[in-house]
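Asker: sharing a model prediction with you, sequence too.
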Amino acid sequence: MNYLSFSCIILATFLFSSCGDPASNHSKTHDLEKISDVVLSETDIFNGVLIMKFLKNKSKFIAEANSFFLNGINSFKNENDLDSAEFYLRKSIVKEPTARAYCELGNVLKLKSKYKKAIEAYKLAEQLDYAPFSNLLYNMSTVYAMDKKYDEAAQYLEYSMQAGFNNMDKIEKDPDLENLRNEYGFRDIVNRGLRGMSDPEKLFWLQFKKQFPKALMPITLEWDLKLETIEKFEWISYDFEKYVSEMRDEQFSREVSKGFYYYANISETDKYVALIYIVKDEFMGEYAPITYRLVTFSPAGKLIDKREIAGRSSLGDKVRLTTIKQNGAIDVQVIALEYEKNPEENGYWGNPVKSTKAVGKEKLQIKSNGIIELILSAQKDVSTESAQLTE
């Protein structure tokens with residue numbers, strides 16, 4: 001069976017494996033329009049069809065789902081409390097199902113030896129377009145190996161390699177694959193996977209790059225995005241840390257400190273790809289400052305340059321308000337904020353911004369080779385100039 005056929009079978013399984021719609025005696029269109037939002041319970045979270053219907057609800061509970069998710073990851077990664085982790089991740093899914101919550105739930109269920117449910121969780125993560133897909137296939141292989149279902153483990157390991165999983169050291173040493181490695185034919189499995197790998201590095205890079213939506217230029221990067229706006233952006237999995245170096249700086253507890261979000265693909269030439277992602281301190285909630293990182297890569301995914309171009313790293317910092325033009329020119333206004341009350345005495349929470357002043361400006365340019373060059377950096381006289389901030 002080739003990889004494409006396999007993917008089609010998975011999709012068909014999701015579409016037809018649930019019980020479907022309950023029978024209805026209503027025949028009039030206006031009666032159907034009165035049906036309220038779909039409600040989930042914890043017994044529903046593995047019902048793929050119901051999940052997809054739930055995601056069409058007008059009412060959203062993203063902030064609550066995110067809070068439960070962070071608590072679940074904290075229990076899992078930092079406290080090694082699997083029961084608490086499962087509890088919070090299930091609560092997160094009931095509030096708002098996400099691919100990342102299903103993937104982490106699968107990881108927890110695997111460690112609790114709930115293998116069948118772990119596979120169901122991973123398949124729901126796939127249905128919700130978890131990326132990188134290759135890592136999800138690899139995770140499924142480890143579950144089947146631990147459950148001593150060697151045919152399935154071998155198939156998924158091969159598929160994961162064909163989809164771009166290329167960590168050969170992990171394949172050779174991962175204790176979760178020990179049962180499979182001890183089985184006769186493991187080397188043949190790996191060799192088949194290697195033969196099917198057209199270019200795993202390229203496949204992995206493409207999985208990352210395609211998550212960034214194409215931006216219409218010019219584009220202004222707002223420093224004060226609302227929480228509900230940020231949470232509409234797709235979250236970047238830590239599986240992609242090779243492309244987001246800050247993830248490696250967060251140490252073991254990184255999952256519950258910084259959040260990274262796909263923002264925009266602003267330029268793509270035969271020399272470079274320019275991407276922007278947002279960085280946010282997750283536990284500060286709606287008051288968290290955000291920063292925008294501009295990163296340029298070669299067409300093959302090799303880092304060329306990186307620069308923080310907008311937003312602010314902490315609440316006490318000046319703000320960068322940035323506009324990017326179609327020719328790669330970047331105009332930055334550096335803005336000082338004045339609060340109604342002294343932040344040193346009253347803090348920033350519930351302390352509105354009273355006025356703003358332009359205190360500097362920068363001009364940058366993405367060169368034809370992908371280098372982000374600082375062309376101008378100047379200070380302004382704050383007594384004579386002010387700036388209007390984007391709402």
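Answerer: Yep, it's here. Numbers count the residues shown, from 1 in each chain.

Asker: can we go C-alpha only for contacts and neighbour counts from here?
Answerer: OK.

Asker: what's the domain layout of this protein?
Answerer: Domain ranges of the chain: 3-17+40-205, 213-379, per automatic domain parsing.

Asker: contacting residues for the nearest residue in space to residue 261 that is not next to it in sequence?
Answerer: In space, and not counting its chain neighbours, residue 261 is closest to residue 235: 4.5 Å by C-alpha to C-alpha, 6 or more residues apart in numbering. Shown in contact with residue 235 (C-alpha atoms under 8 Å, 6 or more residues apart in numbering): 259-262.

Asker: same thing with residue 142?
Answerer: Residue 142 neighbours (C-alpha under 8 Å, 6+ apart): 153, 176-177.

Asker: doesn't it belong to a strand?
Answerer: No: if the criterion is DSSP: H, G, I helix; E, B strand; the rest coil, then residue 142 is helix and not within a strand.

Asker: any idea how far it is from residue 110?
Answerer: 9 Å (C-alpha to C-alpha, to the nearest Å).

Asker: for the stretch 201-350 of the chain, just list every one of the strands.
Answerer: 219-221, 258-268, 273-281, 290-297, 303-311, 319-324, 329-339 (DSSP state E, counting those that start in this stretch).

Asker: export the domains of the chain to CSV and tack on mean pLDDT?
Answerer: Below are the domains of the chain laid out as CSV (pLDDT from 0 to 100):
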stretch, mean pLDDT
domain 3-17+40-205, 86
domain 213-379, 86
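
Asker: please identify the deepest-packed of the ones you listed.
Answerer: For these, the largest average neighbour count (mean count of other C-alpha atoms under 10 Å) is found in domain 3-17+40-205, namely a mean of 19.

Asker: gap between that domain and the chain center?
Answerer: Here domain 3-17+40-205 is found 15 Å from its chain centre; the criterion is C-alpha atoms, centre = their mean, to the nearest Å.

Asker: want to throw the strands of the stretch 201-350 of the chain into JSON lines with distance to residue 347?
Answerer: Below are the strands of the stretch 201-350 of the chain laid out as JSON lines (distance: least, C-alpha to C-alpha, whole Å):
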{"stretch": "strand 219-221", "distance to residue 347": "25"}
{"stretch": "strand 258-268", "distance to residue 347": "22"}
{"stretch": "strand 273-281", "distance to residue 347": "17"}
{"stretch": "strand 290-297", "distance to residue 347": "18"}
{"stretch": "strand 303-311", "distance to residue 347": "19"}
{"stretch": "strand 319-324", "distance to residue 347": "17"}
{"stretch": "strand 329-339", "distance to residue 347": "10"}
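
Asker: nearest approach to residue 148 belongs to which of the ones you listed?
Answerer: strand 258-268 (35.9 Å; C-alpha to C-alpha).

Asker: residue 273 contacts residue 298, correct?
Answerer: Yes: using C-alpha atoms under 8 Å, residue 273 makes contact with residue 298 at a distance of 6.2 Å.

Asker: what sits in contact with each of those two?
Answerer: residue 370.

Asker: now residue 204: closest residue in space that isn't a chain neighbour?
Answerer: Here the residue nearest residue 204, using C-alpha to C-alpha, 6+ apart, is residue 164, at 5.4 Å.

Asker: OK, contacts around the one you found?
Answerer: Here residue 164 is in contact with 134, 197, 199-204 (criterion: C-alpha under 8 Å, 6+ apart).

Asker: which residues does stretch 58-72 contact?
Answerer: Residues contacting stretch 58-72 (C-alpha under 8 Å, 6+ apart): 37, 84-89, 91-96, 101, 227-228, 231, 255-256.

Asker: dump that stretch to CSV, keeping only the CA atoms.
Answerer: Below are the C-alpha coordinates for stretch 58-72, written out as CSV (Å, rounded to 0.1, in the frame of the first residue of the first chain):
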residue,chain,number,x,y,z
LYS,A,58,-20.5,30.3,16.6
SER,A,59,-19.7,30.4,20.4
LYS,A,60,-16.0,29.9,21.1
PHE,A,61,-14.2,29.2,24.4
ILE,A,62,-10.7,29.5,23.2
ALA,A,63,-9.3,31.2,26.3
GLU,A,64,-10.7,28.6,28.6
ALA,A,65,-9.5,25.8,26.4
ASN,A,66,-6.0,27.3,26.3
SER,A,67,-5.9,27.6,30.1
PHE,A,68,-6.8,23.9,30.5
PHE,A,69,-4.3,23.0,27.9
LEU,A,70,-1.4,24.8,29.7
ASN,A,71,-2.4,23.2,33.0
GLY,A,72,-2.4,19.8,31.3
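
Asker: rewinding a little: which helix or strand contains the residue nearest to residue 204?
Answerer: Assigned by DSSP states H and E, residue 164 falls within no helix or strand.

Asker: which phi and psi does it have?
Answerer: The phi/psi pair for residue 164 (degrees, to the nearest 10) reads phi 120, psi 0.

Asker: same deal with residue 158?
Answerer: Note on residue 158: backbone dihedrals following degrees, to the nearest 10 are phi -60, psi -40.

Asker: ok, and the closest non-adjacent residue to it?
Answerer: That would be residue 193: by C-alpha to C-alpha, 6+ apart, it lies 4.4 Å from residue 158.

Asker: picking up where we left off before, ok, of the contacts of residue 164, which one's closest to residue 342?
Answerer: Of those, the one sitting nearest to residue 342 (C-alpha to C-alpha) turns out to be residue 204, at 48.3 Å.

Asker: for that closest one, which residues are in contact?
Answerer: Contacts of residue 204 (C-alpha under 8 Å, 6+ apart): 132, 134, 163-165.

Asker: nearest to residue 348, of these?
Answerer: residue 132 (37.7 Å).

Asker: wait, doesn't the closest one sit right on residue 207?
Answerer: Yes: if you go by C-alpha under 8 Å, residue 132 and residue 207 touch, sitting 6.0 Å apart.

Asker: tell me what the helix or strand where residue 87 lies is packed against?
Answerer: If you go by DSSP H and E, residue 87 is part of helix 82-95. Helix 82-95 sits against helix 62-73, helix 99-111, with contacts defined as 3 or more C-alpha pairs under 8 Å, 6 or more residues apart in numbering; DSSP states H and E.
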